[in-house]
Every structure is written in C-alpha cells, then in structure tokens.
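**Q** following is a predicted model, sequence given first.
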Amino acid sequence: MEWAMSLLLNHPKFLKKARDEIDKQVGQERFLEESDLPKLPYLNNIINETLRLYPAAPVVMHESSKDCNVGGFHVPSNTMLVMNIWAMQRDPNVWLEPLKFNPERFEGIENENVNGFKYIPFGSGRRRCPGEGLATRMIGLTLGSLIQCFQWKRAGEEMVDMTEGSGLTLPRTNPLVARVNRAQGQGSKTVK
Ligand code: HEM
C-alpha cells in the first residue's frame with residue numbers, strides 16, 4: 001500500500017487515470033465496494049506493477065525434495081533454494097524498461113498468469129501464497145477508497161524517496177509523508 005501510494009505520488013498522471021476510472025465506474029455518490037473491483041482494471045494494473053517493483057516477499061526459500069535439474073544446473077535433493085523474486089521481476093532480459101513504473105505494461109493481461117515465471121509476487125506452485133485473493137481484494141479496496149475519497153499530493157516539490165530498507169517484507173527506509181485534501185476540496189492535512 002505504502003509503495004503503491006509512493007509510486008502514484010511520484011507519477012501523478014497514473015494517479016489521475018486511476019481516479020478517472022473510479023469516478024467513471026463508481027462516482028462520488030457512494031463508497032467504492034469490493035464488488036466494484038472487477039470494473040477497475042487500471043487500479044488492478046497499478047497493484048500488479050507495484051508488486052512487480054516492490055514485492056512484499058522479495059525472497060522465497062524452498063527445499064528440493066528430490067534430485068532435479070533447473071536451467072541446466074543439477075540440484076541435489078535436500079538443497080535449500082533461494083529465489084530472488086525482486087531480481088526476477090526487474091530482470092532486463094524479460095522486462096522492457098524494468099525499472100520504470102508503468103502500470104500499462106499489464107494492460108490486456110490483467111487476469112492472466114503473466115508469461116511463465118517472470119512475475120510471481122505470490123510465489124508459484126503448491127506453496128503459492130494462499131492469501132493472494134484476500135490480499136489483492138483488500139489492497140484494491142483500500143487503495144481504491146483512498147484515491148476515491150482524497151486528493152493526494154507530495155508533501156513538497158521533491159520526489160518521494162524510494163529507498164528500500166532491509167527485511168523480509170521489503171519495507172521503505174523512510175515512512176511516506178504526503179499531503180491530502182478531501183475529494184470535495186475542503187481542508188488539507190499532511191499525513192504519515
Ligand atoms: C501483498 C500481499 C502478499 C504477498 C505479496 C504474499 C506473498 C507470498 C509469497 C511470495 C509466499 C511464498 C510462496 C512460495 O513459497 O512459493 C507466501 C506464502 C504464504 N502466504 Fe502470502 N503474501 C501476501 C499476503 C498474504 C495474506 C494476506 C495471507 C493470509 C491471510 C498470506 C498467507 C500466506 C501463507 C500461509 C503462506 C505460506 C504458504 C505455504 O508455505 O504453503 N499471505 N506469500
């Protein structure tokens with residue numbers, strides 16, 4: 001959530017597109033609901049692109065149960081394998097302009113498995129994250145509501161700092177600080 005909002009503050013044209021989509025599909029007369037999410041593919045693209053650049057679980061570990069061959073490498077049984085999802089999802093061999101935040105790269109493939117194993121923020125196979133459905137719905141509902149109800153701006157002229165901290169869940173080094181106005185345009189506040 002914090003990474004998504006940081007990216008949107010640094011790329012206001014994508015924030016505007018998400019807001020326009022919500023205004024068109026949901027409007028301002030009622031709050032966005034979970035059942036609206038299938039009508040908001042652009043919001044979904046923003047979430048996908050955020051999880052590509054800033055996967056909540058950047059590194060996943062598995063142990064091989066038997067001897068196998070991976071990409072020409074022999075892997076003996078009982079070997080601890082560390083998958084660097086963060087690096088795979090920024091790999092210039094499989095992603096065009098990998099470091100660029102571009103939600104539109106997911107356009108048209110919103111509900112498909114993205115091309116093999118190049119995009120696996122929730123892992124893959126038998127141990128794939130069982131919380132994926134809950135997570136994507138909750139992020140969609142929360143991020144969508146924040147966009148619907150408030151106008152967001154950077155706290156100052158400078159870009160939001162995107163330095164990554166260390167940890168199992170890819171935290172930001174500095175907490176996000178932003179300026180927010182009510183969607184109807186009354187009052188403004190700086191929030192953390
Ligand atoms: C954006 C949110 C989330 C992301 C990016 C995420 C990502 C992941 C990843 C990469 C794995 C490892 C998959 C593998 O080993 O191949 C995992 C495992 C797991 N996740 Fe999530 N997760 C998220 C939210 C959740 C939520 C909300 C729940 C529960 C309500 C959850 C429960 C689990 C559990 C129980 C496992 C272990 C599965 C197993 O080893 O069989 N996750 N998650």
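**A** Here it is on my side, so go on.
**Q** and stretch 117-124, end to end?
**A** From its first residue to its last, stretch 117-124 covers 8 Å (CA to CA, to the nearest Å).
**Q** so which bits of it are buried?
**A** Using 16 or more other CB atoms under 10 Å as the test for burial, stretch 117-124 gives Tyr119, Ile120, Pro121, Phe122, Gly123. Any C-beta I mention is one placed from the backbone N, CA and C, and that applies to glycine too.
**Q** roughly how far out does it sit from the chain middle?
**A** 13 Å (CA atoms, centre = their mean, to the nearest Å).
**Q** which residues touch it?
**A** Residues from elsewhere that reach stretch 117-124, judged by CB atoms under 8 Å, 6 or more residues apart in numbering: 48, 51-52, 55-57, 60, 85, 88-89, 91, 94-95, 128-129, 132, 135.
**Q** now list the buried members of those residues.
**A** 48, 51-52, 55-57, 60, 85, 88-89, 95, 129, 135.
**Q** of all the residues you listed, which two lie farthest apart?
**A** Spanning the widest gap among those are Trp95 and Ala135, at 22.3 Å by CB to CB.
**Q** pLDDT for the buried residues of stretch 117-124 - can I get that in a markdown table?
**A** Converted to a markdown table, the buried residues of stretch 117-124 look like this (pLDDT from 0 to 100):
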| residue | pLDDT |
| --- | --- |
| Tyr119 | 93 |
| Ile120 | 94 |
| Pro121 | 95 |
| Phe122 | 95 |
| Gly123 | 93 |
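**Q** contacting the ligand as well, which ones from those residues?
**A** Within the set of these, contact with the ligand (CB under 6 Å from any ligand atom) is found for Pro121, Phe122, Gly123.
**Q** you'd agree the first one is in a strand?
**A** Put plainly, it is Pro121. No. Pro121: not assigned to a strand; according to DSSP: H, G, I helix; E, B strand; the rest coil it is coil.
**Q** and which of the ones next to the ligand among the buried residues of stretch 117-124 is nearest Asn174?
**A** Out of those, the member with the shortest distance to Asn174 (by CB to CB) is Pro121, at 22.9 Å.
**Q** elements contacting the helix or strand that Leu9 is a member of?
**A** Assessed by DSSP states H and E, Leu9 sits inside helix 2-10. Applying 3 or more CB pairs under 8 Å, 6 or more residues apart in numbering; DSSP states H and E, one finds that helix 2-10 contacts helix 12-25, helix 41-53, helix 132-149, strand 150-154.
**Q** could I get these as TSV with mean pLDDT and distance to the ligand?
**A** Shown next, in TSV, are those (pLDDT from 0 to 100; distance: least, CB to the nearest ligand atom, whole Å):
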stretch	mean pLDDT	distance to the ligand
helix 12-25	97	18
helix 41-53	97	6
helix 132-149	97	4
strand 150-154	96	20
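**Q** can you add distance to Gly72 and give those back as CSV?
**A** Putting the helices and strands packed on helix 2-10 into CSV (distance: least, CB to CB, whole Å) gives the following:
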stretch, distance to Gly72
helix 12-25, 39
helix 41-53, 26
helix 132-149, 30
strand 150-154, 47
